[in-house]
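J.: Fold the following.
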Amino acid sequence: MSTPETSRFVRLRVELVLEVADADAVTKAAVRRVVEDPELPDDERAQAESAVTEDTAEALAYLVDPFDLVNEVPGVELQQASWSSERIEYDPDSPEWDLDEDDGEEDDEEDRIG
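T.: All right, here's what the predicted structure looks like:
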């Protein structure tokens with residue numbers, strides 16, 4: 001690809017830290033989405049339902065869709081998305097959580113690619 005061709009593509013990195021105040025509500029919403037997904041084969045549906053029931057972070061990963069972040073942005077089309085979720089220890093007062101600082105870390109291999 002030439003430079004003008006590749007310059008059309010932009011990597012947008014977003015990192016969110018969420019506080020789960022109602023894990024049961026998150027789990028129920030994820031299970032509902034799994035059950036109602038018409039494109040999900042039955043064998044994968046059972047596996048997905050089990051995963052979102054056992055882990056709130058997995059339920060959030062199932063509910064959060066990167067397409068939803070950009071689907072109404074004019075002039076762009078989502079080409080690829082990756083995301084993951086994990087439970088973390090969070091201290092908002094810690095300098096470790098300074099969002100202005102670039103940590104330089106690359107995406108984990110465990111990220112979901114869609």
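J.: Show me the strands in the chain, by range?
T.: 82-83, 112-113 (DSSP state E).
J.: distance of E36 from A30?
T.: Noted for E36: a distance of 11 Å to A30, by CB to CB, to the nearest Å. Quick note: C-beta positions are derived from backbone N, CA and C, even for glycine.
J.: which of the two has more neighbours?
T.: Counted by other CB atoms under 10 Å, E36 and A30 do not tie: A30 has more neighbours, with 23 against 8.
J.: For the strands of the chain, which has the smallest mean pLDDT value?
T.: For the strands of the chain, the bottom mean pLDDT is recorded on strand 112-113, which sits at a mean of 44.
J.: for the chain, where's the lowest mean pLDDT among helices and strands?
T.: Sorting the helices and strands of the chain by mean pLDDT, DSSP states H and E puts strand 112-113 at the bottom, at a mean of 44.
J.: Distance from stretch 40-47 to the middle of the chain?
T.: 20 Å (CA atoms, centre = their mean, to the nearest Å).
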